[in-house]
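Colleague: can you look at this prediction? I've put the sequence above it.
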Amino acid sequence: MDEAGCGPLAGPVVSAAVMFPSSWAEAGLDSKLRGLNDSKQIDEEKREKFFTILTTHSEIRYAISIVDVEMIDRINIRQAAWRGMNLALDQITPKPEHVLVDGLRIRWLPYAQTALVEGDAKSYSIAAASVLAKVTRDRLMREYDAQYPGYGFADHKGTPHRNIMRPLRR
């Protein structure tokens, strides 16, 4: 499992869960997924390519959930991300016996789990979830750009740029 949207100043948090076939543990990753990595480490074109492969491969199980801004404001961004991860897991069939979580352990998650800090660069299934979450969120932010022109959501996706975060000089 992974999420996209905990750092940005605008937009929802998108969580995803990906389950590869157990036979891949011995056989290895499908050759079409060579180069799969943390979504922040690959360019947009490759993310889109991997998104298509991941969502159309007959043996891969996945789910994506979106937690909106109103819920984020109510429960905080970390809880919203975790809620989204749980919602994504609940959609996958068959239910996973054990999950890999990018980041910190989620104490209330009703699944056996292993938390991996920077897991999206250490685990193919977390990297795949990272790609699904990032591509979904980026697509949403492009839609928001059309709905709310002038904010530049299509370009920055709600993520602050360094020049935005510089302190004002008086």
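Modeller: Great, that's in hand.
Colleague: and the helices in this protein?
Modeller: Read by DSSP state H, the chain holds these helices, from start to end of the chain: 24-27, 44-56, 69-75, 77-91, 124-147, 153-156, 162-165.
Colleague: the longest one vs helix 44-56, what angle?
Modeller: With axes from the mean of the first three to the mean of the last three C-alpha atoms, to 10 degrees defining the directions, helix 124-147 sits at 110 degrees from helix 44-56.
Colleague: tell me which residues in helix 124-147 are buried?
Modeller: Neighbour counts using 16 or more other C-beta atoms under 10 Å place 124-138, 140-141, 144-145 of helix 124-147 among the buried residues. Heads up, the C-betas are built off the backbone N, CA and C, glycines and all.
Colleague: what angle do helix 77-91 and that helix make with each other?
Modeller: 110 degrees.
Colleague: give me every residue that touches K157.
Modeller: K157 makes contacts with 8, 11, 137-138, 141, as judged by C-beta atoms under 8 Å, 6 or more residues apart in numbering.
Colleague: and if you look at V117?
Modeller: By C-beta under 8 Å, 6+ apart, the residues touching V117 are 103-104.
Colleague: what do you get for M1?
Modeller: 15-17, 85, 88-89, 99-102, 126, 129.
Colleague: if we use 6 Å, what do you get?
Modeller: Under the criterion of C-beta atoms under 6 Å, 6 or more residues apart in numbering, the neighbours of M1 are 17, 85, 99, 101, 129.
Colleague: quick one: it and S39, what's the gap?
Modeller: Computed as C-beta to C-beta, to the nearest Å, the M1 to S39 distance reads 13 Å.
Colleague: next one: L33
Modeller: Counting by C-beta to C-beta, the gap from L33 to S39 is 13 Å.
Colleague: could you do A16 as well?
Modeller: Per C-beta to C-beta, A16 is found 10 Å from S39.
Colleague: any residues in contact with both of these two?
Modeller: Residues touching both A16 and S39 (C-beta under 6 Å, 6+ apart): there are none.
Colleague: where does the protein dip in pLDDT?
Modeller: For the chain, residues meeting the criterion pLDDT under 70 lie at 161-170.
Colleague: grab the nearest non-local neighbour of R61.
Modeller: Nearest-residue entry for R61: M19, 4.2 Å, with adjacent residues in sequence omitted and distances by C-beta to C-beta, 6 or more residues apart in numbering.
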